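A.B. asks: Fold the following and give me the result.
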Amino acid sequence: MAPVNDFATAAMVRNSDMKLSFAVIVGGILRMISSNPKEDANKLKLRAGSTRSVLSPGKPPLRSVYLKGNDAFIYGATRNFLNACDELFWIPAPANSFIRKTVGVQALFDVFREIAGTMLGTGDMTKNAFVAALQPAAAVDFANAHFNDASGSNRTRIRRIIRARLGLIGVDDLPDADKQFV
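C.D. replies: Modelled structure (predicted):
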């Protein structure tokens, strides 16, 4: 990620072999709060000085939190999710693992979007809660040649396998080639 606002983060980025565009993270977060970010931005711009109250409720899991202006909660929940992903997926994975590449990070954000509503409902979006929720998928070897593709279809494949590992879909919902990873 490009923006660096402190020395610790700068050192972490310099020493990491995992490189992502900032847009991947921003896009993942936007999907948590808006189904149509351009429309939301236009509504806010049309009415100078308007607040988020001009926006309609929606389906994204953190939409209600966003409309209330609780950005600190969104930041904390997202940070907890990313820290859990770091612990479970990124640190243990070899550099060539597709879970560490754009498609893998996007797939994890897709899963975040799916599990966040339930976790918000329980009132627990701590790092430990995310670790517990994601742990069943941590053992998948995303460096396997089966995942060696930087395409949208690989993002879907990674997401499907994680969802199956978490019990969000059944193994029967997977293509035969993916079943070996569940």
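A.B. asks: for the protein, what helix or strand is lowest in average pLDDT?
C.D. replies: The helix or strand with the lowest mean pLDDT-type score in the chain, counting by mean pLDDT, DSSP states H and E, is helix 7-15 (a mean of 48).
A.B. asks: Which element is encountered next along the chain beyond that helix?
C.D. replies: The element immediately downstream of helix 7-15 (helix or strand, assigned by DSSP states H and E) is helix 22-33.
A.B. asks: Where does pLDDT dip in the protein?
C.D. replies: Applying pLDDT under 70 to the chain flags the ranges 1-16, 48-49.
A.B. asks: let's see it at 80
C.D. replies: Scanning the chain with the threshold set as pLDDT under 80 gives 1-19, 47-50.
A.B. asks: Which residue ranges of it form helices?
C.D. replies: 7-15, 22-33, 37-46, 63-67, 71-85, 102-122, 127-134, 152-165 (DSSP state H).
A.B. asks: Next, the angle from the second one to helix 71-85.
C.D. replies: Note on geometry: by axes from the mean of the first three to the mean of the last three C-alpha atoms, to 10 degrees, helix 22-33 and helix 71-85 are set 120 degrees apart in direction.
A.B. asks: Remind me what helix 22-33 packs against, helices and strands.
C.D. replies: Other helices and strands packing on helix 22-33, by 3 or more C-beta pairs under 8 Å, 6 or more residues apart in numbering; DSSP states H and E, are helix 63-67, helix 71-85, helix 102-122. Just so you know, the C-beta spots here come from the backbone N, C-alpha and C atoms, and that holds for glycine as well.
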